[in-house]
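*Asks:* based on what follows, work out the 3D shape:
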Amino acid sequence: MYKKKQMVEVEILDLGDKNQCFGRLNDGMSIFVQGTAAVGDTVMAEIFKIKKKYLVSRFRKLVKPSPHRIDPICPYFGLCGGCKWQHMDYSEQLRLKQKQVQDALKHIGGFSDVECEPCRPAPELFGYRNKMDFSFTDLRYLSPEEIKHQDTKNSKLGDLSALSAASVKKPLDFALGFHAPGCYAKAIDLDHCDLSTEAMNLALNTTRAFCLHHKKELPIYSTRSHTGELRNLMVRQGGHTGDFMVNLITSTHKPELMQELCTDLVAALGDRLTTFVNNTTTAKNTASFGEKEFVLHGPGFITDRLGDYTYRISANSFFQTNTAQAETLYTLILEMAQLKSSDVVYDLFCGTGSIALFASGHCKKVLGVELVESSVNDARENATRHNVENCEFIQLDLKDIKLIEDDMRNFGHPDVIITDPPRAGMNPRAVKMLKKIAPPTLIYVSCNPASLARDGQMLCEEGQYQLVSCQPVDMFPQTNHVESVARFERT
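*Replies:* Down below sits the predicted model:
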């Protein structure tokens, strides 16, 4: 009989759902372990949930390390929700990413006869991101050592040996950084991220210093009272161009303060700062998406280059987060699409038109469909800039794709559809519409193996399509996220 808070020793055999690890105890009982365990580790874990067929526990002590375990370089590892795999060597990360896609296709989609190819590695393991979103909160997330110090400081001095001087001095009612897993009311106050560039970290610290100095005029937005100003800080940097954007998301626009912050950013970043914008929103959430935009410095957008094409990227536009690996991904999409010069291609969830332009030189014409208006405008501008005349872009929510049946008939029936949906996948109505359109080839680009497997099952459940191949691509080293490209063919 197991009890809560009981400590058990277990060897980690595999990954589980929601970035948990999985093992079996000596009596065969399944156990899920939360925390920084790695496949191959033997650990001590503390049980906190008891179910009939399994236990849920927290990692407490490493007994025997996996041969693939390494020391993480980030001091926030284990607290931050970003880099969950810094404690595993890169070969193991690639193996597990391939396995995630393979397992999802088999167990969720029912594709037992399709073998995923090995995951394509990324050229850079750190500093590869071209976009970072940092959150403001009025509650700073405390590490276990800081909590212990807070509990003891009023009764005795407390042990400060585990705490840095900086963390002791930080205010409790201000944070600019990342949320800890499952903790959206608080954020870890970061001074750097190893996935960011030097300029991104400099912009982060410059903005933090300014906002701390102006706490009274710029209170942090509260998700409890829905009052306050500061919401998010987004920074973008062109991986090939070096163009740099700072986007501060607030509740309202305060021109004088924003101009002061602009002066500080220019002083810190110099010519590296391409543009500074202030987006405002009245939404009662923490999404870093603006309703209105005010340009304080530069043109209000940056550019980046993929292959032969340079793309205009606005603050609210989607663009692949890893520039170098995006080129690998897009080349793979073209390989799997096997385009002919006579093909009509539809690019769904087209963002700024990056895939559409990549494909435009290999086919007759491309129709890009995207929900976000600024992305559609950027896509059109990108096509115009490169004198690409065989691409059209329209604004539409894909769940309403039935509304453009006449436009599709006029444009031409697609020979190939490329769809690159968000993490949640496609709306079931959109999947049904795809089956009705019935292109001979469908390329599904996915950042979520479960969504790919679910949508793929819907495509293939009546025998109309079959999954022919699937290739994982590592766009996000040090994390548990994996991109994949799947080819479906009409039977």
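*Asks:* going forward, measure contacts and count neighbours with C-alpha atoms only.
*Replies:* Noted.
*Asks:* residues making contact with the lengthiest helix in the chain?
*Replies:* Within the chain, and with DSSP state H defining each element, the longest helix by residue count is helix 90-107. Contact with helix 90-107 is made by 68, 85, 111-112, 115-121, 449-450, 452-453, 472, 474, 477-478, 480-482, 484, as judged by C-alpha atoms under 8 Å, 6 or more residues apart in numbering.
*Asks:* now the helix or strand following that helix: buried residues?
*Replies:* Heading C-terminal from helix 90-107, the first helix or strand you meet, by DSSP states H and E, is strand 131-137. If you call a residue buried by 16 or more other C-alpha atoms under 10 Å, then strand 131-137 has these buried ones: 131-132, 134-137.
*Asks:* looking at those residues, which is nearest residue 212?
*Replies:* Using C-alpha to C-alpha, residue 136 is the member of the buried residues of strand 131-137 that lies nearest residue 212, at 11.2 Å.
*Asks:* can you spell out the domain ranges of this protein, please?
*Replies:* As assigned by automatic domain parsing, the chain contains the domains 7-69, 96-125+322-490, 131-138+173-305.
*Asks:* who wins for proximity to residue 75 among those?
*Replies:* Ranking the domains of the chain by proximity to residue 75 (C-alpha to C-alpha) places domain 131-138+173-305 first, at 9.7 Å.
*Asks:* residue 179 is in contact with residue 81, isn't it?
*Replies:* Yes - counting by C-alpha atoms under 8 Å, residue 179 does reach residue 81; the two are 6.5 Å apart.
*Asks:* please say which of those two ends up with more neighbours.
*Replies:* Between residue 179 and residue 81, counted using other C-alpha atoms under 10 Å, the more crowded position is residue 179 (24 against 16).
*Asks:* and the pLDDT at the more buried one?
*Replies:* Per-residue confidence (pLDDT) for residue 179: 89.
*Asks:* check which element follows the strand or helix carrying it along the chain.
*Replies:* Using DSSP H and E, residue 179 sits in strand 175-180. Next along the chain after strand 175-180, taking DSSP H and E as the criterion, comes strand 183-189.
*Asks:* what about the helices in this protein?
*Replies:* Secondary structure of the chain by DSSP H: the helices cover 90-107, 144-152, 165-169, 198-213, 255-269, 323-337, 354-360, 373-385, 405-411, 428-437, 449-460.
*Asks:* could these be laid out in JSON lines, adding distance to residue 302?
*Replies:* Compiled in JSON lines, the helices of the chain are given as follows (distance: least, C-alpha to C-alpha, whole Å):
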{"stretch": "helix 90-107", "distance to residue 302": "32"}
{"stretch": "helix 144-152", "distance to residue 302": "40"}
{"stretch": "helix 165-169", "distance to residue 302": "34"}
{"stretch": "helix 198-213", "distance to residue 302": "14"}
{"stretch": "helix 255-269", "distance to residue 302": "15"}
{"stretch": "helix 323-337", "distance to residue 302": "14"}
{"stretch": "helix 354-360", "distance to residue 302": "14"}
{"stretch": "helix 373-385", "distance to residue 302": "11"}
{"stretch": "helix 405-411", "distance to residue 302": "31"}
{"stretch": "helix 428-437", "distance to residue 302": "32"}
{"stretch": "helix 449-460", "distance to residue 302": "31"}
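*Asks:* what's the least confident stretch among these?
*Replies:* Lowest mean pLDDT within those: helix 165-169, at a mean of 57.
*Asks:* residues contacting residue 336?
*Replies:* By C-alpha under 8 Å, 6+ apart, the residues touching residue 336 are 443, 486-487.
*Asks:* pull out the buried residues from those residues.
*Replies:* Neighbour-count burial (16+ other C-alpha under 10 Å) applied to the contacts of residue 336 gives 443, 486-487.
*Asks:* if you look at those residues, which of them are in strands?
*Replies:* Among the buried ones among the contacts of residue 336, the members found in strands (DSSP state E) are 443, 486-487.
*Asks:* among the residues you listed, which one sits closest to residue 16?
*Replies:* Ranked by distance to residue 16 (C-alpha to C-alpha), those are led by residue 486 at 23.1 Å.
*Asks:* the closest one bridge partners, please.
*Replies:* Beta-bridge pairing of residue 486 under DSSP bridges involves residue 444, residue 470.
*Asks:* test my guess that it contacts residue 470.
*Replies:* Yes - if you go by C-alpha under 8 Å, residue 486 and residue 470 touch, sitting 4.2 Å apart.
*Asks:* from what I can see residue 311 touches residue 317, true?
*Replies:* No - contact criterion C-alpha under 8 Å: residue 311 and residue 317 do not qualify, at 10.9 Å.
*Asks:* now the terminal residues of stretch 171-180, how far apart.
*Replies:* The straight-line separation of the ends of stretch 171-180 (C-alpha to C-alpha, to the nearest Å) is 18 Å.
*Asks:* can you give me the buried ones in it?
*Replies:* So for stretch 171-180, counting by 16+ other C-alpha under 10 Å, buried means 174-180.
*Asks:* turn these into JSON lines, columns for distance to residue 20.
*Replies:* Converted to JSON lines, those look like this (distance: C-alpha to C-alpha, whole Å):
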{"residue": "174", "distance to residue 20": "30"}
{"residue": "175", "distance to residue 20": "27"}
{"residue": "176", "distance to residue 20": "27"}
{"residue": "177", "distance to residue 20": "24"}
{"residue": "178", "distance to residue 20": "20"}
{"residue": "179", "distance to residue 20": "18"}
{"residue": "180", "distance to residue 20": "15"}
